[in-house]
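K.L.:
Generate a structure from the sequence data that follows.
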Amino acid sequence: MTDSHTTRGATGNPVAPQGTRTAADVVTPELITRLTRGVVGSGTTVSHTPFTGEVLASGLPEATPEDVVTAFDNARAAQRAWAATPVRRRAAVLLRFHDLLLRRQPEILDLIQLETGKTRLHAHEEIQGVSAVARHYGRKAPAYLHPKGHLGAVPTLTKVTELRQPRGVVGLIAPWNYPLQLSVGDAMPAFVAGNAVVMKPDTETALSALWARELMVEAGLPAGVWQVVLGDGPVVGPAVVEHADYVSFTGSTRTGREVAQAAAARLVGCSLELGGKNAMLVLRDADLARAVDGAVRGSFASAGQLCISMERLYVHESVADAFLERFVARTRAMRLGTALAYGAEMGSLVSQRQLDTVTRHVDEAVSKGATVLAGGRPRPDIGPYFYEPTILDGVESPMAVCTEETFGPVVSVYRFSDEDDAVERVNATPYGLNASVWTKDARRGRALAARLRAGTVNVNESYAAAFGSTASPMGGMGDSGLGRRHGSEGILRFTEAQTVAQQRLLPLGPAFGMTDEKYAAFMTRSLRALKALRLR
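P.N.:
Coordinates of the predicted model:
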């Protein structure tokens with residue numbers, strides 16, 4: 001895996017070429033001024049790049065709770081006209097955004113890399129995901145939102161129509177790990193449903209969201225419909241929840257519980273995508289070469305800072321040695337790097353906090369008897385938050401890495417002999433976000449997938465097959481969240497169902513001189529007839 005342009009650390013993973021472009025070449029004062037135009041904030045704050053730990057953007061507007069109120073006022077004023085815009089015109093904005101995104105992707109790839117520390121290929125996954133969402137709702141939103149007729153209380157006499165009304169202003173709190181996908185990717189169905197959005201992205205990754213906002217406005221979205229507020233999470237986040245008509249949150253399970261409680265107190269709905277401790281099962285008949293590829297991508301994409309990445313790896317004992325030999329070799333050969341170009345296979349953790357968690361989990365596991373098969377150490381020679389892709393063996397339940405979400409490039413290996421036992425072990429967690437099954441028998445894989453307690457399960461893929469299928473719902477069970485993104489559920493969550501029922505010719509009550517008793521008898525006969533006719 002090494003070549004003349006690749007250097008290797010003293011004993012660890014090789015380092016990819018560093019590249020020549022720097023953060024200063026990309027994030028200029030002119031860019032910051034342009035992207036923050038119209039953003040409400042009475043203070044200022046800064047963001048940093050994980051590649052060096054240095055300031056990336058300064059002078060970003062920082063909002064107070066009072067500024068959040070202003071943002072909601074602006075959004076409500078813009079939302080009324082936007083909701084009155086025909087749905088096909090709203091959907092056309094998403095299709096134009098799709099084309100602009102693909103045309104100008106080098107710009108956003110640079111920003112995603114600088115803000116998150118991920119490799120360019122992993123940054124491109126966000127472009128793939130967002131463009132798929134834009135295409136899906138740009139084509140399907142009119143059908144999802146179209147008025148639907150239903151059987152009325154009395155056939156032919158009662159005409160019933162189900163309408164979908166926008167909720168108003170959606171409060172969207174987006175995390176740092178996928179700053180394009182989990183900002184505009186979640187906002188697009190809210191927009192096309194006729195809502196405005198007040199979004200609080202993580203300050204450290206705000207430029208990606210602000211770039212997407214600028215592009216969406218260029219595609220035809222009224223600027224006031226998408227408001228962005230920046231600031232400290234415990235200050236700005238609760239203010240967003242306090243004023244929203246609906247809340248969409250992606251983040252930790254602990255914070256998600258607080259968001260759900262605050263939304264419930266106001267009787268507004270919410271959707272939450274929270275933590276995970278995702279598992280991958282390699283069955284005895286798996287194609288080991290493909291399974292190893294899947295394990296590398298599934299465990300170490302975006303340095304493991306992906307809510308649906310793999311942290312637990314269950315391998316049938318009959319193939320465990322052969323699988324691990326290949327998996328360990330591939331992991332040790334992964335090239336780490338910071339270049340704003342393709343070539344590196346894994347980037348940096350996002351912050352000192354993430355590095356501390358990863359280090360704590362690995363060091364504690366080793367102190368209690370776990371074995372490091374690959375990685376297991378930071379790489380400050382590359383950047384302040386780099387940590388090598390790590391495989392642990394001999395992990396047991398008292399160790400934090402066994403049950404707690406690590407959210408870093410660490411995967412623990414477990415052997416199994418009985419598939420029923422493996423299913424029980426996979427399901428023995430309060431989380432239920434994503435899972436993966438590897439087998440040459442597709443029918444067997446699907447049957448096993450159906451037994452796993454996870455919102456998405458991929459057969460012969462780690463996460464991209466389910467997440468990329470934007471017509472299908474994606475979300476978590478248990479402590480991994482409430483609600484779903486993508487598909488019909490992903491857009492209908494941003495609407496209120498309204499039933500309009502029109503009664504014709506005869507009332508639903510005694511008429512033409514009927515006594516109450518005769519009316520009750522007539523309705524009893526009618527109900528029996530409706531059942532006999534198999535009407536639903």
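K.L.:
and the residue most central in space within the chain, what element?
P.N.:
Central residue of the chain (C-alpha atoms, centre = their mean): residue 182, 5.3 Å from the mean position. In this structure, residue 182 sits in neither a helix nor a strand according to DSSP states H and E.
K.L.:
In the stretch 1-150 of the chain, mark out all the helices, start to finish.
P.N.:
23-26, 29-35, 65-84, 87-103, 105-116, 120-145 (DSSP state H, counting those that start in this stretch).
K.L.:
Could you identify which of the ones you listed is most buried?
P.N.:
A comparison of these by mean neighbour count, using mean count of other C-beta atoms under 10 Å, puts helix 105-116 on top with a mean of 23. (Each C-beta comes from the backbone N, C-alpha and C, glycine too.)
K.L.:
can you give me the angle that helix makes with helix 120-145?
P.N.:
The directions of helix 105-116 and helix 120-145 differ by 110 degrees, with axes from the mean of the first three to the mean of the last three C-alpha atoms, to 10 degrees as the criterion.
K.L.:
Helix 87-103 and helix 105-116, what's the angle between them?
P.N.:
80 degrees.
K.L.:
helices or strands next to helix 105-116 in the packing?
P.N.:
Using 3 or more C-beta pairs under 8 Å, 6 or more residues apart in numbering; DSSP states H and E, the elements in contact with helix 105-116 are helix 23-26, helix 120-145, helix 206-218.
K.L.:
how about these, which one is nearest residue 345?
P.N.:
Proximity to residue 345, assessed across those by C-beta to C-beta, is greatest for helix 120-145 (8.0 Å).
K.L.:
Are there helices or strands packed against that closest one, and which ones?
P.N.:
helix 87-103, helix 105-116, helix 184-192, helix 487-492.
K.L.:
Residue 292 and residue 324: what is the separation?
P.N.:
In this view, residue 292 and residue 324 are 9 Å apart by C-beta to C-beta, to the nearest Å.
K.L.:
got it, and residue 76?
P.N.:
Between residue 76 and residue 324 the distance is 57 Å, computed by C-beta to C-beta.
K.L.:
what's the answer for residue 523, then?
P.N.:
70 Å.
K.L.:
Settle it for me: which of those two has more neighbours?
P.N.:
residue 324 (21 against 14; other C-beta atoms under 10 Å).
K.L.:
can I assume that one is in contact with residue 413?
P.N.:
Yes. Between residue 324 and residue 413 there is a contact at 6.6 Å, judged by C-beta atoms under 8 Å.
K.L.:
what sits in contact with each of these two?
P.N.:
With contacts defined as C-beta atoms under 8 Å, 6 or more residues apart in numbering, the residues shared by residue 324 and residue 413 are 315, 373, 391, 393.
K.L.:
Return the subset of those residues lying in strands.
P.N.:
Counting by DSSP state E, these place 315, 373, 391, 393 in strands.
K.L.:
Which one (most neighbours) among those?
P.N.:
Most surrounded of these: other C-beta under 10 Å gives residue 315, at 27 neighbours.
K.L.:
how much space is there between that residue and residue 334?
P.N.:
Taken as C-beta to C-beta, the span from residue 315 to residue 334 is 20 Å.
K.L.:
For stretch 43-55, output the C-alpha coordinates as CSV.
P.N.:
Output in CSV follows, covering the C-alpha atoms of stretch 43-55 (Å, rounded to 0.1, in the frame of the first residue of the first chain):
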residue,chain,number,x,y,z
GLY,A,43,-21.8,38.7,18.9
THR,A,44,-19.0,37.0,17.1
THR,A,45,-17.4,33.6,17.3
VAL,A,46,-14.8,31.5,15.5
SER,A,47,-14.3,28.0,14.1
HIS,A,48,-11.3,25.7,13.9
THR,A,49,-9.9,23.1,11.5
PRO,A,50,-9.1,19.7,13.0
PHE,A,51,-6.2,19.3,10.6
THR,A,52,-4.1,21.7,12.6
GLY,A,53,-6.3,22.9,15.5
GLU,A,54,-5.9,26.5,14.3
VAL,A,55,-8.7,29.1,13.7
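K.L.:
All set now, cheers.
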